[in-house]
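>>> Mind looking at a prediction? Sequence and model below.
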Amino acid sequence: MDLGGIRMAPAATSVSLVPRVEPTSSGTKAVATQLPRSDVVVDVRGQASATLDARAQDQQEQAQREALLRSFIQTRIIIRPETREIISRSVDTRTGDVIEQFPDQTTLKLKDYLKAIRDSMERQNTTAQQVARTA
């Protein structure tokens with residue numbers, strides 16, 4: 001097969017998947033193991049080690065995200081004049097879009113519908129009582 005002048009090199013015969021640890025010049029000694037002499041295990045107890053507190057880093061990143069979101073989201077409290085209900089809305093200050101609302105529009109429409117039915121039934125009962133009194 002012609003590869004256009006590309007020279008093929010033989011593949012490596014063995015690949016080490018375990019990183020090799022060399023003893024440091026700080027006087028640490030290799031620990032006796034049953035590993036081949038080519039591998040070295042170093043006793044690191046008592047040496048200074050770097051620690052990573054992932055929780056603190058996650059909390060800091062979360063706080064930064066929340067601060068950024070607060071700069072773009074505004075909470076508005078609205079009182080419906082006809083029902084005197086309190087509505088809480090989270091609004092994107094850049095676009096004016098409602099992100100979240102409590103109670104949601106569906107619940108408000110359902111309440112209005114049920115109120116209309118109740119008012120209609122009360123009017124019918126009032127009319128029926130007036131007819132019964134006049135008869």
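Noted; the coordinates are in hand. It should be emphasised that the depicted structure is a prediction, and the values quoted were computed from it without experimental measurement.
>>> mind checking the longest helix of the protein?
Using DSSP state H to define each element, the chain has its longest helix at helix 105-134.
>>> Which residue is the nearest non-sequential neighbour of residue 97?
In space, not counting the residues next to it along the chain, residue 97 is nearest to residue 91; the distance is 7.0 Å by Cβ to Cβ, 6 or more residues apart in numbering. Every residue, glycine included, has its C-beta placed from N, CA and C.
>>> Tell me if I am right that that neighbour is in a strand.
Yes - checked against DSSP: H, G, I helix; E, B strand; the rest coil, residue 91 lies within a strand.
>>> And residue 103, its phi and psi?
According to degrees, to the nearest 10, the main-chain angles of residue 103 amount to phi -70, psi 160.
>>> Now do the same for it: its pLDDT.
You'll see residue 103 listed with a pLDDT of 93.
>>> just checking, it touches residue 87?
Yes - using Cβ atoms under 8 Å, residue 103 is in contact with residue 87, at 6.8 Å.
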